[in-house]
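Peer 1: sequence and predicted structure below; questions after.
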Amino acid sequence: MPRHEVVSPIPGVFYRRPDPDSDPFATEGQNVGADDTVCLVEVMKSFHQVPAGAAGTVVEFLVENEDVVDAGQVVAIIDGAGDGG
């Protein structure tokens, strides 16, 4: 399977963690399932979970934590060669 681009569904602020004291949802090199949350996007105090969208290995995040993102912007890359677990 080719690489999959994880995109923000909405414009807002990108977060890699559920809260400042928690570990990131996903890290580079980690295997994820298609439904696994990889980040949050917040708009007007409403937080939206963003799933990986494909099983595989997280290759990289293309934005930094707390960056402002646009709807449709690629925020991470998943390599579909992983086992998704």
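Peer 2: On my side now, so go ahead. All figures in this text were calculated on a predicted structure; none of them were measured in a lab.
Peer 1: just the C-alphas of the host helix or strand of residue 14, formatted as PDB.
Peer 2: When elements are assigned from DSSP states H and E, residue 14 belongs to strand 12-15. Written as PDB, here are the backbone C-alpha positions of strand 12-15 (Å, rounded to 0.1, in the frame of the first residue of the first chain):
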ATOM      1  CA  GLY A  12      -8.000  25.100  13.600                       C
ATOM      2  CA  VAL A  13      -5.200  24.400  16.000                       C
ATOM      3  CA  PHE A  14      -3.300  21.100  15.700                       C
ATOM      4  CA  TYR A  15      -2.500  19.100  18.900                       C
END
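Peer 1: can you tell me how far the residue nearest the centre of the chain is from residue 2?
Peer 2: Within the chain, one residue has its C-alpha closest to the average C-alpha position: by C-alpha atoms, centre = their mean, that is residue 38, at 3.4 Å. Residue 38 sits at a distance of 18 Å from residue 2 (criterion: C-beta to C-beta, to the nearest Å). Every residue, glycine included, has its C-beta placed from N, CA and C.
Peer 1: repeat that for residue 48.
Peer 2: 26 Å.
Peer 1: neighbouring contacts of the strand holding residue 14?
Peer 2: Counting contacts by C-beta atoms under 8 Å, 6 or more residues apart in numbering, the residues outside strand 12-15 that touch it are 8, 39-43, 47-48, 63-69, 75.
Peer 1: can you list the weak-confidence ranges in the protein?
Peer 2: Within the chain, the segments meeting pLDDT under 70 span 1, 81-85.
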